[in-house]
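Chemist: coordinates only, sequence not included:
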C-alpha cells in the first residue's frame, strides 16, 4: 500500500536519516528534535506544502523517532534497530505503515486502521500510520477517519501528508482541526545547491566533474527545480548518467529556457524596447516558460550581487556583463522585483502564465521609468498585480 511516487535512486540512497542532515524547514526540525528527546509527538500531525520539500523525509524521521528505543543525545533515531530499518528501507512490515490516500478507498485504508487502532502493537512500541495524499481519500473514508481521530489511542500516531493548503485545501476542517499542522515551504537555492554538492561528494564524483558543471551547470539545475529538492535530485541523477555537464548540454537535454533566450528578453527590459519585449514575452507565455525565465534572471542577479559584494570581476558570464552596464539604481530595482517574483512563485505553485506575464510587464514599466531604490514600504503584496 506504499505510495507509487517516482523517485530517483539518488533520492532513495541519500534520503536523510538524521535531523541534522535535513536542509530547509529549520523550525520544524528544531521542534521535532525536542519532541524526540521528550518522546512527545502529537497523536496526529498534518504536513502540508509543495512537492519535493521534505514532507515524506520528515515523516520517516518522526516515525523512526517514535519507534526507536536507542536514540542518540540529539534525539536522532539510531538507524540500526529493526524498527528504524523497517522505516528507512521502506519495508513497513512492523508497526509503521505507509498508505496512499490517492489510490485507496474506505475499504483498504480505513478498514486497516479500524482493525489496528484498538490493539497494542506486538513488535514495536507504537503504530504509526503515514498517509500520503490524505486530501484524496474518498468522502466516506474522510468521514470514517474523522471518527477515528475523535478517539485517539495512546498506541497510535498519524502523520498525514498533503500538497494542498490555503485556498486549495481539500483536507476537511473536521480532520485538520484534530491534527497538529506543519506548513512546509520550498527550499532556497542555497540549501538545494549544498545538498546536491553533498550527494556528489558522497558518490565520490565531485572532484572529477568538469569545472563548468560546478560553476554553472549545477546552479542551472537548482534554478529550474523551483524550490523542490526532489526535482533537483532527479535532475542531478539524470545529468550524471547522461554526462550533461555543460550549460548547453543541460539546456538542450532538459529543455530549460536557454541562457541566450533569457538574456534576450532581459536586454529588452533593460533597454526599454517595448515592441521586442512584448513579442518575446508572448512567445515565452505560449511555451509556458515564464516562470523558468523569472528563476533564471533571479539567478543572474544573485551572481551579479556576489560580484558586486566581492568587488571583483570573478564572474565573466554574459549575464553579468549585461548587468554591469546597468545603472546601479535600476539594477537594485531589477534585483528587488525579480527576487520578489521568484519568492512569490515558490510559495504560489498554482499561478497562471497570465499572472506571471502581468508581473513581468510591471517589471518592464518600473525599469523604463526613472526608478527609486525599493524600500520596505514598496514591497509588492501577493496577488496585487493587475
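Modeler: Arrived safely, thanks for sending. Just so you know, these numbers come straight off a predicted model, no measurement behind them. Numbers count the residues shown, from 1 in each chain.
Chemist: What separation do you get for residue 319 and residue 152?
Modeler: From residue 319 across to residue 152, the span is 55 Å (C-beta to C-beta, to the nearest Å). Where you see a C-beta, it was placed from the backbone N, CA and C, and this is true even at glycine.
Chemist: Neighbour count: these two, which is higher?
Modeler: Between residue 319 and residue 152, counting by other C-beta atoms under 10 Å, residue 319 is the more crowded of the two (19 against 15).
Chemist: what residues are up against the closest residue to that one other than its chain neighbours?
Modeler: On the basis of C-beta to C-beta, 6 or more residues apart in numbering, the spatially nearest residue to residue 319 that is not a chain neighbour turns out to be residue 300, at 3.9 Å. The neighbours of residue 300, taking C-beta atoms under 8 Å, 6 or more residues apart in numbering as the test, are 262, 266, 319-320, 323.
Chemist: Tell me which helix or strand comes right after whatever helix or strand residue 300 lives in.
Modeler: Using DSSP states H and E, residue 300 sits in helix 290-310. Helices and strands here follow DSSP H and E; after helix 290-310, the next one along the chain is helix 318-324.
Chemist: Just checking the distance from the next helix or strand after that next one to the centre of its chain.
Modeler: Once helix 318-324 ends, the next helix or strand along the chain (criterion: DSSP H and E) is helix 328-346. With C-alpha atoms, centre = their mean, to the nearest Å as the basis, the distance from the averaged C-alpha position of helix 328-346 to the chain average is 20 Å.
Chemist: Quick one: list the elements packing against the next helix or strand after helix 328-346.
Modeler: Tracing the chain past helix 328-346, the next element assigned as helix or strand by DSSP H and E is helix 353-368. Secondary-structure packing of helix 353-368 (3 or more C-beta pairs under 8 Å, 6 or more residues apart in numbering; DSSP states H and E): helix 259-271, helix 274-286, helix 290-310, helix 328-346.
Chemist: So among the contacts of residue 300, where is pLDDT lowest?
Modeler: Minimum pLDDT for the contacts of residue 300 is recorded at residue 320 (78).
Chemist: mind checking how far that one is from residue 266?
Modeler: Using C-beta to C-beta, we find residue 320 at a distance of 12 Å from residue 266.
Chemist: and what of residue 234?
Modeler: Looking at residue 234 against residue 266, where the rule is C-beta to C-beta, the gap reads 28 Å.
Chemist: returning to what we had before: if you count what's nearby, which of residue 320 and residue 266 comes out ahead?
Modeler: Just comparing residue 320 and residue 266: by other C-beta under 10 Å the higher neighbour count belongs to residue 266, 22 against 18.
Chemist: Quick check: that one touching residue 297?
Modeler: Yes - the pair residue 266 and residue 297 qualifies as a contact (C-beta atoms under 8 Å) at a distance of 5.7 Å.
Chemist: can you list the domain ranges for the protein.
Modeler: Described in terms of automatic domain parsing, the domain architecture of the chain consists of the residue ranges 9-183, 189-378.
Chemist: Just give me the lowest mean pLDDT stretch among those.
Modeler: Ranked by mean pLDDT, the domains of the chain end with domain 189-378 at the bottom, a mean of 83.
Chemist: need the contact list for the nearest residue to residue 288 once chain neighbours are set aside.
Modeler: Using C-beta to C-beta, 6+ apart and skipping the chain neighbours, the partner closest in space to residue 288 is residue 353 (6.1 Å). Residue 353 makes contact with 285, 288, 290, according to C-beta under 8 Å, 6+ apart.
Chemist: Please name the residues that touch the first one.
Modeler: The neighbourhood of residue 285, defined by C-beta under 8 Å, 6+ apart, consists of 353-354, 356-357.
Chemist: please redo it, this time with the cut-off set to 6 Å
Modeler: With contact taken as C-beta atoms under 6 Å, 6 or more residues apart in numbering, residue 285 is in contact with 353, 357.
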